[in-house]
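>>> Okay, here's the prediction I keep looking at, along with the sequence it came from:
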There are 4 protein chains.
Amino acid sequence: MANATPRWTRRKDARPQELLTSALRVFSEKGYAGARLEDVAKNAGVSKGTVYLYYPNKEELLKAVVIEHVSPIVDEARHQQDDDKSSSTLIREALHLWWQRYGSTELSSLTKIVMSEANAFPELGRFFHDTVIAPWWAYLESLLQRGIQRGEFADIDVEYAAKVLCAPLVTLGLWKRTLDTCCNIDTNPMRYIEAHLQMVLNGLTCPKQKQLTQGKGANAAPVEPGASGESASVLALRKHPKS
Amino acid sequence: MANATPRWTRRKDARPQELLTSALRVFSEKGYAGARLEDVAKNAGVSKGTVYLYYPNKEELLKAVVIEHVSPIVDEARHQQDDDKSSSTLIREALHLWWQRYGSTELSSLTKIVMSEANAFPELGRFFHDTVIAPWWAYLESLLQRGIQRGEFADIDVEYAAKVLCAPLVTLGLWKRTLDTCCNIDTNPMRYIEAHLQMVLNGLTCPKQKQLTQGKGANAAPVEPGASGESASVLALRKHPKS
Amino acid sequence: MANATPRWTRRKDARPQELLTSALRVFSEKGYAGARLEDVAKNAGVSKGTVYLYYPNKEELLKAVVIEHVSPIVDEARHQQDDDKSSSTLIREALHLWWQRYGSTELSSLTKIVMSEANAFPELGRFFHDTVIAPWWAYLESLLQRGIQRGEFADIDVEYAAKVLCAPLVTLGLWKRTLDTCCNIDTNPMRYIEAHLQMVLNGLTCPKQKQLTQGKGANAAPVEPGASGESASVLALRKHPKS
Amino acid sequence: MANATPRWTRRKDARPQELLTSALRVFSEKGYAGARLEDVAKNAGVSKGTVYLYYPNKEELLKAVVIEHVSPIVDEARHQQDDDKSSSTLIREALHLWWQRYGSTELSSLTKIVMSEANAFPELGRFFHDTVIAPWWAYLESLLQRGIQRGEFADIDVEYAAKVLCAPLVTLGLWKRTLDTCCNIDTNPMRYIEAHLQMVLNGLTCPKQKQLTQGKGANAAPVEPGASGESASVLALRKHPKS
DNA sequence: TATGAATGAGCATTCATTCAT
DNA sequence: GATGAATGAATGCTCATTCAT
């Protein structure tokens, strides 16, 4: 027996980190409701009660995980400098950074969890929005703005374009951790991101066709229906936008 | 006693439908773990025990919800005809259709639920992939292929572009049902979709700049670093793709 | 096996009563905090979960015990009629009734429990006061008033006398269920009540002495100190009444 | 480091005292089960572990509180001298003393606690009886005896009268600390005690009526039923004394 | 002595599932 | 088929107690 396993060699200072890491793993795997605090504890090499020495309850533990792990990423992006790179390059870098630091890691499970629990714990949703989503949107927005001002980008709906810009990465992170796993698929993230950038930077439309649609303002109404022989059904869709 | 209270005049066949609708609502609101079968039952106007007459357990009920509600949507898209519209228009229509039939409805909660539970119930994830995701991807892929063949679209990475193409809509559906609610935001779906289409069809890059980047194949390696003065960090990012 | 022990032969209607009886016993024995709902259940021959079908939580169960068991007693006393008995007799009857219906039964444990938990659950304390204590005080007060009006009783501080009148019974109930048990004492309740009634109705003071102290009003200040050679310490006590 | 923060200048001997005081407060407020040793410690300005240096467990701590705080009071009463005061005065003094030293202080919470826990810890109940109750009874008994012997008091059931005599004070102490608090009542202790003394010394019965009932021995059977027109129900009560 | 991090048994509460009616 | 009372396993959380420092 001896002191083979000393009851607490580790420092109080180390505990929170260990618990948070363990919690991230368990929440990732089981979701919020499915995560048992006992597993979080066991995983961190401590007993159930110890968790409560550091976090008053399950919800706060989850929040702590988000705060601890996500916030730094956003800060990193926020402090990205505008240097003399092209705006395209900065966007490319931003998306890759997000992927490398968040999407490709266990952290992206948090997206899933927050989405799932936002109804039950609106405060968590708000926190995630304010801390993670909004800053990202703001950063991407500033990059788009920069591109337009420097004549690199066409004049588009900056606010919404920013939201759209990061959406595929969010989805990718989600899929990698869910469908990929259970369907034995192996989506290639770099190829995915590249496809996204290609489309978004250059557009699908063939250069020769550009004249036809090019030149409209960013907020321009959708392509005029009648003009391009669209079906009535599409008209209907556009005229009664839902929600 | 007689039929003083015709407790079940409704046909037996109607029950499953009502249960499924009720279940969709409850799962939507509470998530899988949070949904109480008693609420599903109450909501459908039956007793707790009745649920078990139709579905052996909670998991099967969820699967049934997905099967019942999602499958038809995909069929509708699958049978979309190639007529003489432009490929851009078909893509536009496809995305609007998805939004109208799925994203904007309670169904989009299923995305959230499936994502959350895919680890716990891989079979559910597989089913969702096979039934919902894959067909959509295939359909979008076919549209992209058509566009390229008809000279409307540039030659891009069709397989991945299809995945990217629907990703923002998935994200939008997720956000509308989570962050929008708890942050009191009101994202405008039509504006969002339009921004997406604008970017994807025309690209961000200003026409005059196009020459510089245009002309590379779809699967082309990312813009050559050195050539455009990108920082080493981006290089690094691209050279060590994670996950 | 057969249906030796049918899962639930007993009626839903019977359950609450059985649970309440069981709860009274367990609360009596263990106090509020010490009572385990599982014991309450087992005692009533049901499972833990069943308790929650009838009472939403431990606190409500306790309240229900009080409501169910105590209220009737008070009602009984409240409806006691003023007939042609002497007021002494009515008081005698009231105290005996209290003892027979409450003090001598398991119910008197509730006094103990309510006292113990009143700080933690003030609402419970209020409820007990309003439902049990106050009505009793009011009833005794009315009897005292009647006695004075009919010339049977001296003119005393009716409000406080009523409180004092029932106090010894409360204490007796408490003692019987605590000290008597653990000290192997066997206080004789009838003798106790009789001693109380003797003192209270006739007073300790010997008839011959009565002239000396008699004749003062009920609310009279305590016997004048100096006049009867009392010690300074008592003076002090009276001049600085605490609390 | 040195003694930069003289963490414990206080003598070791002081600790138990402080702990006991703190424990009294916490037990008072929360009851036995509800009291958290951590609060006791914090309140005394020490750490949780320290409590265990002085008291092996919670139960012993409670016993120590009782021993420490209650014993002195009894001693004080026990040493009360019989001087030339009237027996009424001595009784009056005794009750006031009890109120001042015990009932009106935090100590009276101990009554509540001991009552609550006597079943769980019979030894505690015995200790309280032997140390607190019995001596008080004995003292009051001696005063009553003295009164009778000196012709001041009628010939009553001394043993039980003593118990009854202090009962209202016990109840008052209990009520002040429970119902008064949660019902926002403010019972006036001096008025209460005075009402008690008035009744007990002079009796309720109007002087003119005294002849009718006076003159019976203390242990006399209750007023003869038939003789005073009492109802049959009272007869019943008296003939089947319970418990 | 004193500390306070760690433990783990213990209990209230929930809810999917069963089954006698 | 339908009911809903009953079940009991599961889990969040508390707190008396221990013990390495």
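Now that the structure is in, tell me what you want to look at.

>>> quick check, the helix or strand where A:Arg126 lies touching chain B?
Using DSSP states H and E, A:Arg126 sits within helix A:122-128. Yes - using C-beta under 8 Å from any C-beta of the partner chain, helix A:122-128 reaches chain B at A:Pro122, A:Glu123, A:Gly125, A:Arg126, A:Phe128. Glycine gets a C-beta too; all of them are placed from N, C-alpha and C.

>>> Produce a PyMOL select command limited to the buried residues of these.
Selecting the buried subset of the residues of helix A:122-128 next to chain B in PyMOL, with 16 or more other C-beta atoms under 10 Å in any protein chain shown as the burial test, is done by:
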select buried, chain A and resi 122+125+128
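
>>> ok so, going back, do the helix holding A:Arg126 and DNA strand F come into contact?
No - figure legend: helix A:122-128 not in contact with DNA strand F (C-beta under 7 Å from any atom of the strand); closest approach 14.0 Å.

>>> go on, stretch A:62-78?
No - judged by C-beta under 7 Å from any atom of the strand, stretch A:62-78 and DNA strand F are separated, with a smallest distance of 10.1 Å.

>>> what residues does that stretch touch?
A:16-17, A:20, A:23-24, A:27, A:32, A:55, A:94, A:97-98, A:101-102, A:107, A:110, A:113-114, A:117, A:124, A:127-128, A:131-132, A:135-136, A:139 (C-beta atoms under 8 Å, 6 or more residues apart in numbering or on different chains).

>>> Give the buried subset of those residues as a PyMOL selection command.
Buried residues among the contacts of stretch A:62-78 (16+ other C-beta under 10 Å), as a PyMOL selection:
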select buried, chain A and resi 20+23+24+27+32+55+94+97+98+101+102+107+110+113+114+117+124+127+128+132+135+136+139
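
>>> Can you list which of the contacts of stretch A:62-78 are found in helices?
A:16-17, A:20, A:23-24, A:27, A:32, A:94, A:97-98, A:110, A:113-114, A:117, A:124, A:127-128, A:135-136, A:139 (DSSP state H).

>>> Not counting its neighbours along the chain, what's nearest the residue sitting nearest the centre point of chain A?
In chain A, the centroid-proximal residue (C-alpha atoms, centre = their mean) is A:Val170; its distance is 4.2 Å. Residue nearest to A:Val170 in three dimensions, not counting chain neighbours: B:Thr171, with 5.1 Å by C-beta to C-beta, 6 or more residues apart in numbering or on different chains.

>>> can you tell me which of the residues of helix A:122-128 next to chain B lies nearest to D:Lys176?
A:Glu123 (42.8 Å; C-beta to C-beta).

>>> What separation do you get for that closest one and chain D?
29 Å (C-beta to the nearest C-beta, to the nearest Å).

>>> what do you get for A:Gly125?
35 Å.

>>> for A:Thr178, same thing?
A:Thr178 is 44 Å from chain D, by C-beta to the nearest C-beta.

>>> isn't that residue right up against A:Ile113?
No - counting by C-beta atoms under 8 Å, A:Thr178 stays clear of A:Ile113, with 12.0 Å between them.

>>> hey, what's in contact with both of those two?
By C-beta under 8 Å, 6+ apart, no residue touches both A:Thr178 and A:Ile113.

>>> tell me the contacts of the residue nearest to A:Val170?
Here B:Thr171 is in contact with A:Ala167, A:Pro168, A:Val170, A:Thr171 (C-beta under 8 Å, 6+ apart).

>>> ok so, going back, would you mind confirming that the residue nearest to the centre of chain A makes contact with A:Leu110?
No - using C-beta under 8 Å, A:Val170 is not in contact with A:Leu110, being 11.2 Å away.

>>> burial of A:Gly147, as a residue count?
Using other C-beta atoms under 10 Å in any protein chain shown, A:Gly147 has 24 neighbouring residues.

>>> who's in contact with it?
A:Ser87, A:Ser88, A:Ile91, A:Phe153, B:Leu204.

>>> Now name the helix or strand holding it.
helix A:134-149.

>>> So which bits of the helix or strand following that helix are buried?
As assigned by DSSP H and E, the chain's next helix or strand after helix A:134-149 is helix A:158-177. By neighbour count on 16+ other C-beta under 10 Å, the buried set for helix A:158-177 is A:158, A:160-177.

>>> hang on, A:Ile133 packs against B:Cys182?
No - applying C-beta under 8 Å as the test, A:Ile133 and B:Cys182 come out as separate, 11.7 Å apart.
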